[in-house]
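Peer 1: the sequence and its predicted three-dimensional model are supplied below.
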Amino acid sequence: MVEHVKSNRNKIWELSLEDRFKEVYPPLSDKEAQTEAMRCLYCYDAPCIKACPTDIDIPTFIRKIATANVKGSAKTILQSNLLGGSCARVCPTQELCEGACVMGSEHKPIMIGRLQRYACDYSASHNIQHFKPLPNNGLKVAIVGTGPAGLSCAGELAKLGFNVTCFEKNNLAGGLSTYGIVVFREPVEVSLAEVKQIEALGVKIETNKALGKDFTLNQLIEKYDAVFLGIGLANVPQLNIPNDKVVIDGLEFIAATKIKDLNSLKIGKRICIVGAGNTAIDCATIAKRLGAPRVTILYRRSEAEMPCYYFEYEFALSEGVGFMFLTQPIGINLDNNGHIESINCVRMDLQNESINGRRISKPVPDSEFNLPCDMLITAIGQNKHQDILDNLNQIGIDIESGYIMVDKHTNQTKHPKIYAGGDCIRIKGEASTVAAVQDGKIAAQAIYENLVSAKVKKVEVKK
C-alpha cells in the first residue's frame with residue numbers, strides 16, 4: 001500500500017498543472033471497451049440492475065458494446081438515466097452495480113461505470129438525439145433548480161409532451177455536476193453537454209433566476225400546472241469559532257477549480273480541511289494537485305465514523321493527504337495582516353452514545369494545542385434554504401429537520417401541484433447524483449399520471 005501511494009504521488013507531480021486536473025481514468029478505446037464487455041456473463045435477473053438506483057439494463061447495454069452497437073448501448077442507458085454520462089463518472093459503482101457484479105466474487109468485477117461512460121461519451125460527441133418527444137399536450141411544468149433531479153424531471157417530462165421551463169439561480173445550469181464535482185472526476189464540459197441534451201428535447205432553461213428573488217412560489221403555482229423543486233441545499237455552515245470569517249467554503253473552493261483558470265488560483269502551503277465526507281476529500285485532493293505541500297483533514301471522530309466512501313479515503317491517501325482524527329478546531333489565530341497563522345484545536349474522545357450509528361465525540365479536558373496553518377477550508381455539510389422552507393410550510397407542505405417531505409412513491413408534497421427531489425428531500429439515505437436522477441424520474445411519471453393519464457381514463461369512463 002505504501003509503495004503504491006508513493007508511486008501514485010510521484011506520477012502526479014511529474015504532470016503539468018493542467019494534466020493533474022484531467023480525468024483520473026482515461027477513456028476506454030474501442031478495443032478496450034469491446035474486450036471488457038465480452039467479459040460480462042449477461043446474467044439472467046442480473047444483480048447489477050437491482051443495485052442501480054435508476055434501473056439501467058446493464059447487461060443489455062454491455063452486450064451492445066460487445067457487438068459494436070455503441071449508439072444502441074447509449075440509448076439503453078439514457079432510457080433509464082438521462083444523465084448517464086455524469087453518473088458513469090461520479091456514481092459509487094464499487095458500492096452499487098460493480099459491487100453487486102457476480103464476477104467480483106472470483107475475479108475483477110466488470111468495469112460497468114467506465115463502459116457506461118464510453119457509450120454516453122460516444123453519443124454526446126456525435127450529438128445523437130435518441131428520443132423524439134410525444135406531441136405537445138399543452139401542459140406547463142416549472143422546474144426550480146437544474147441539478148441532476150431537476151434536469152432528469154425536465155427531460156422525462158419533455159419526452160412526454162410537456163412544456164417545461166427550468167429556473168436556475170447560477171450562471172450555468174447543471175447544479176453540483178457543474179459546480180460541485182471535482183474536475184478530475186467530472187469535467188464541467190460533461191455536465192454542460194448533458195444540459196444541452198435536455199434542452200434539445202425542448203426544455204427551456206432560464207439562468208440567473210432565483211426563487212424568492214426573481215419570482216415567488218405562488219407565481220409558479222398560478223402559472224404552471226405542476227412545479228418540481230430540485231433546490232438542493234445551501235452553503236457550507238460556519239464553524240462558529242473565533243475568526244471563522246476567513247474560512248473558505250469547500251463547495252466554493254471546488255467550484256473555482258471548475259470555472260476559473262487553474263493558474264489564477266491562490267493556494268496555501270499548509271492547508272487544513274474540516275470534515276471527512278466526500279466533499280472534504282475532494283477539497284483535499286484538489287489542494288494537493290494545485291501544489292500545496294501539506295494538506296491535512298481534521299475530523300472530530302475516528303476513521304471508522306468517516307462519512308466518505310472508503311475508496312475515496314484511499315484515493316486521498318494515495319494523493320498524499322494527511323488525516324488528524326479526534327481533532328476539533330476551536331479557534332483561528334491571525335497575523336497582523338489578518339491572514340491565518342494557526343488553528344487552536346482540541347483532542348476529542350468518543351463516547352458510547354451514538355447519533356445515526358456514529359459515536360458522539362466530546363472534548364478531552366486540557367488537550368488544546370496549536371496547529372500551523374495558512375489556509376482553512378470547511379466541508380461540514382450544507383445549510384438548508386430556510387426562507388424557501390418557511391414559505392413551503394406556510395402553504396401546508398411538511399418540513400422535517402430542514403427537508404421537504406414527499407410521498408415516497410410519487411415525490412409529491414401535500415400541495416397537489418408541488419413535487420420535489422434531490423438533496424432537499426434526502427432526510428434518510430445517502431444523497432447522490434444517481435438518487436437525484438431517480439427522484440426526477442419518479443416525479444415526472446407521477447406528474448404525467450396525475451395530469452394526463454388520469455384525464456384520459458376519465459374520458460374513457462364517460463364514453
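Peer 2: Structure received. Model, not experiment: these values are computed from the prediction.
Peer 1: if I look at the residue nearest the centre of the chain, how far off is residue 90?
Peer 2: Central residue check for the chain by CA atoms, centre = their mean: the C-alpha nearest the mean position is that of residue 433, 4.2 Å away. Counting by CB to CB, to the nearest Å, the separation of residue 433 from residue 90 is 5 Å. Just so you know, the C-beta spots here come from the backbone N, C-alpha and C atoms, and that holds for glycine as well.
Peer 1: and whichever strand or helix holds residue 328, what other elements does it pack with?
Peer 2: Assignment of secondary structure by DSSP states H and E places residue 328 within strand 327-334. The elements that strand 327-334 packs onto, with contact taken as 3 or more CB pairs under 8 Å, 6 or more residues apart in numbering; DSSP states H and E, are strand 294-299, strand 340-355.
Peer 1: for it, buried residues please.
Peer 2: Within strand 327-334, the residues scored as buried using 16 or more other CB atoms under 10 Å are 327-329, 331-332.
Peer 1: quick one: the helices in the stretch 101-250 of the chain, in order.
Peer 2: Per DSSP state H, counting those that start in this stretch, the stretch 101-250 of the chain carries helices over the ranges 112-125, 148-159, 176-179, 188-200, 217-223, 250-259.
Peer 1: need the winner for burial among the ones you listed.
Peer 2: Greatest average neighbour count among the helices of the stretch 101-250 of the chain goes to helix 148-159 (a mean of 31), per mean count of other CB atoms under 10 Å.
Peer 1: return the angle between stretch directions for that one and helix 188-200.
Peer 2: Calculated by axes from the mean of the first three to the mean of the last three CA atoms, to 10 degrees, helix 148-159 forms an angle of 30 degrees with helix 188-200.
Peer 1: send the alpha carbons of helix 148-159 over as PDB?
Peer 2: These are the backbone C-alpha positions of helix 148-159, laid out as PDB (Å, rounded to 0.1, in the frame of the first residue of the first chain):
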ATOM      1  CA  PRO A 148     -29.500  16.100 -11.600                       C
ATOM      2  CA  ALA A 149     -33.000  15.900 -10.100                       C
ATOM      3  CA  GLY A 150     -34.300  19.000 -11.900                       C
ATOM      4  CA  LEU A 151     -32.700  18.000 -15.300                       C
ATOM      5  CA  SER A 152     -33.900  14.500 -15.000                       C
ATOM      6  CA  CYS A 153     -37.500  15.500 -14.300                       C
ATOM      7  CA  ALA A 154     -37.400  18.200 -17.000                       C
ATOM      8  CA  GLY A 155     -36.100  15.700 -19.700                       C
ATOM      9  CA  GLU A 156     -38.600  13.000 -18.800                       C
ATOM     10  CA  LEU A 157     -41.500  15.400 -18.900                       C
ATOM     11  CA  ALA A 158     -40.300  16.900 -22.200                       C
ATOM     12  CA  LYS A 159     -40.300  13.400 -23.700                       C
END
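Peer 1: any chance of the helices of the stretch 101-250 of the chain in CSV, plus mean pLDDT and distance to residue 142?
Peer 2: CSV is the format used below for these (pLDDT from 0 to 100; distance: least, CB to CB, whole Å):
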stretch, mean pLDDT, distance to residue 142
helix 112-125, 98, 27
helix 148-159, 98, 10
helix 176-179, 95, 20
helix 188-200, 97, 15
helix 217-223, 97, 5
helix 250-259, 94, 25
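Peer 1: with distance to residue 383 as added columns, please give these in a markdown table.
Peer 2: Compiled in a markdown table, the helices of the stretch 101-250 of the chain are given as follows (distance: least, CB to CB, whole Å):
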| stretch | distance to residue 383 |
| --- | --- |
| helix 112-125 | 31 |
| helix 148-159 | 18 |
| helix 176-179 | 15 |
| helix 188-200 | 23 |
| helix 217-223 | 19 |
| helix 250-259 | 11 |
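Peer 1: circling back to that earlier point, shared neighbours, residue 433 and residue 90?
Peer 2: When contacts are counted by CB atoms under 8 Å, 6 or more residues apart in numbering, the set common to residue 433 and residue 90 consists of 177, 181.
Peer 1: which residues does the closest residue to residue 206 other than its chain neighbours form a beta bridge with?
Peer 2: The shortest distance from residue 206 to any residue other than its chain neighbours is 5.4 Å, reached at residue 167 (CB to CB, 6 or more residues apart in numbering). With beta bridges defined as DSSP bridges, residue 167 has these partners: residue 144, residue 206.
Peer 1: just checking, residue 167 touches residue 216?
Peer 2: No: using CB atoms under 8 Å, residue 167 and residue 216 do not qualify as a contacting pair, with a distance of 11.6 Å.
Peer 1: what stretches of the protein score poorly on pLDDT?
Peer 2: Low-confidence regions of the chain, defined by pLDDT under 70, span residues 1-11, 355-357, 454-463.
Peer 1: longest single helix anywhere in it?
Peer 2: With DSSP state H setting the assignment, residue counts place helix 433-448 as the longest helix in the chain.
Peer 1: off-centre distance for that one?
Peer 2: 15 Å (CA atoms, centre = their mean, to the nearest Å).
Peer 1: then stretch 386-404?
Peer 2: When C-alpha coordinates are averaged (CA atoms, centre = their mean), stretch 386-404 and its chain have centres 23 Å apart.
Peer 1: over to stretch 148-156?
Peer 2: Averaging C-alpha positions (CA atoms, centre = their mean) puts stretch 148-156 14 Å from its chain's average.
Peer 1: which residues sit against it?
Peer 2: Residues outside stretch 148-156 that contact it (CB under 8 Å, 6+ apart): 81-83, 86, 141, 143-144, 146, 164, 166, 173-177, 194-195, 197-198, 201, 203, 228, 230, 419, 421-423, 433-434, 436-441, 443-445, 447.
Peer 1: swap in stretch 277-286?
Peer 2: Residues lying outside stretch 277-286 but in contact with it, judged by CB under 8 Å, 6+ apart, are 180-185, 250-251, 253-254, 257, 271, 273-274, 295, 297, 306-309, 312-313, 315-316, 319, 321, 377, 379-381.
Peer 1: now go through those residues and say which are in strands.
Peer 2: Secondary structure defined by DSSP state E assigns 271, 273-274, 295, 297, 377 of the contacts of stretch 277-286 to strands.
Peer 1: that older thread, out of the contacts of stretch 277-286, which end up buried?
Peer 2: Among the contacts of stretch 277-286, those classed as buried by 16+ other CB under 10 Å are 180-185, 250-251, 253-254, 257, 271, 273-274, 295, 297, 306-309, 312-313, 315-316, 319, 321, 377, 379-380.
Peer 1: which residues does the residue nearest to residue 251 when sequence neighbours are not counted contact?
Peer 2: When the adjacent residues along the chain are set aside, residue 251 lies closest to residue 180, with 5.4 Å between them (CB to CB, 6+ apart). Contacts for residue 180 were tallied using CB under 8 Å, 6+ apart; they are 251, 254-255, 279.
Peer 1: thinking again about what came up before, and the angle from the longest helix of the chain to helix 148-159?
Peer 2: 40 degrees.
Peer 1: domains for this structure, by residue range?
Peer 2: 24-125, 140-234+384-462, 244-378 (automatic domain parsing).
Peer 1: so which of those gets nearest residue 16?
Peer 2: Taking CB to CB as the criterion, domain 244-378 is the member of the domains of the chain that comes nearest to residue 16, at 10.0 Å.
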